[in-house]
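Visitor: model the following, please.
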Amino acid sequence: MLPGHGRFDYHPWHGRPRYAWPGGARLAVFLGVNLEHFAFGEGLGAELAPGGPQPDVLNYAWRDYGNRVGAWRLLELLDRLGLPATVLLNSAMYDYAPPLVAAHRARGDEIAGHGRTNSERQSVLDEGAERALIAESTAAILAHEGVAPRGWLSPWIAESRVTLDLLAEAGYRYTLNWCMDDQPVWMRTRAGRLLAIPYPQEVNDIPSIVARKDGAEQFAAMVLAGFEERLEQVARDGIPQVMGIALHPYIIGQPYRLRALREALAAIAARRGEVWVTTAGAIFDHVAALPEGSG
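Guide: You can find the predicted model right below:
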């Protein structure tokens, strides 16, 4: 037997229960907007070009464009189309760019935990230090939002062997780290169950644009093709799906990319009678309320 994780069991796709999202929809769509802050002169960070010796001004400034400009342009787009968002928040943003977080708060967007900063990985920490990282990020969100976050996305999708246990022990109800399914999946932890909600690593501007070097139109076409194909699938087999779209303002907030994305998101917004456009937290609420064995 190969080593395994023991967190969930295998279930073939066509054996899944048939249930509906609110309004009778079979497809739920959510936008994951990553608001991230990076250390200057040290630590991790996506790169526009191969980084030189620190301080790496080119890549630091490219990432900072997202918080200063790109995120605000993305907010305008979301407002124009009336789309909600799940904000995946580095808690360092409260000190660095509080007006940006406040703008999402004013929209009623969900705030989910995304560590302290994407300059670090929690997977390399010992259990005590990882617990402290989760606690620090959670406490900052609670202090500023008045409610604790229910969802977590690890910086760099990095987990230790006890991350899921620590999240459940800290009061989290769902994780976005695992991309193994098109439906939410209940996971086992030492503190009870935790829901894995699908968060994309394909329809995600970092793997697409930074890693694979996809163009703006190619990424937008990917979003729309995935949406249309899923609509056909759920109509054919009746099995409900979740489609996440992962966005980073320093990437997608560049004007030519935003222009291409606008058309794809407008096409999704126009189909709201057929799909449930929502947040990850609302998806959790719906699945948690299903009868045992339905989700």
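
Visitor: what pairs with the strand ranked longest in the chain, and is each one parallel or antiparallel?
Guide: Longest strand of the chain, by residue count under DSSP state E: strand 27-35. Here strand 27-35 is paired, per DSSP bridges, with strand 86-89 (parallel), strand 241-247 (parallel), strand 276-278 (parallel).

Visitor: mind listing what's buried in that strand?
Guide: 27, 28, 29, 30, 31, 32, 33, 34, 35 (16 or more other Cβ atoms under 10 Å). In short, each C-beta sits where N, CA and C put it, glycine included.

Visitor: next: stretch 272-283.
Guide: 275, 276, 277, 278, 279, 280, 281, 282, 283.

Visitor: try stretch 13-23
Guide: Buried residues in stretch 13-23 (16+ other Cβ under 10 Å): 16, 19, 21.

Visitor: which residue is the nearest non-sequential neighbour of the last one?
Guide: Counting by Cβ to Cβ, 6 or more residues apart in numbering, residue 21 lies nearest to residue 276, which is 4.2 Å off, once chain neighbours are set aside.

Visitor: then the first one?
Guide: Once flanking residues are discounted, residue 16 sits nearest to residue 239: 5.0 Å by Cβ to Cβ, 6+ apart.

Visitor: and that neighbour, what does it touch?
Guide: By Cβ atoms under 8 Å, 6 or more residues apart in numbering, the contact set of residue 239 is 13, 14, 16, 18, 26, 183, 233.

Visitor: distance of the most centrally placed residue in the chain from residue 203?
Guide: The residue lying closest to the centre of the chain (Cα atoms, centre = their mean) is residue 32, at 3.9 Å. When distance is defined by Cβ to Cβ, to the nearest Å, residue 32 is 10 Å away from residue 203.

Visitor: overlap of the contact sets of those two?
Guide: 244, 245, 246.

Visitor: for residue 115, which non-adjacent residue is spatially closest?
Guide: Using Cβ to Cβ, 6+ apart and skipping residues adjacent in sequence, the residue nearest residue 115 is residue 155, 4.1 Å away.

Visitor: that neighbour reaches residue 118, doesn't it?
Guide: Yes: counting by Cβ atoms under 8 Å, residue 155 does reach residue 118; the two are 4.5 Å apart.

Visitor: just how off-centre is stretch 20-38 within its chain?
Guide: Put simply, stretch 20-38 sits 8 Å off its chain's centre (Cα atoms, centre = their mean, to the nearest Å).

Visitor: picking up where we left off before, identify the contacts common to residue 155 and residue 118.
Guide: 36, 44, 90.

Visitor: how about the helices of the stretch 151-295 of the chain, start to end?
Guide: Applying DSSP state H, counting those that start in this stretch to the stretch 151-295 of the chain gives helices spanning 163-169, 205, 216-237, 249-252, 255-269, 280-288.

Visitor: re the thing from before, right, and the helix or strand after the longest strand of the chain?
Guide: Next in sequence after strand 27-35, counting helices and strands by DSSP states H and E, comes helix 57-65.

Visitor: how about that next one: buried residues?
Guide: In helix 57-65, counting by 16+ other Cβ under 10 Å, buried: 59, 60, 62, 63, 64, 65.

Visitor: same thing with stretch 39-57?
Guide: 39, 45, 46, 56.

Visitor: of those residues, closest to residue 109?
Guide: Set against residue 109, the nearest of those by Cβ to Cβ is residue 46 (22.7 Å).
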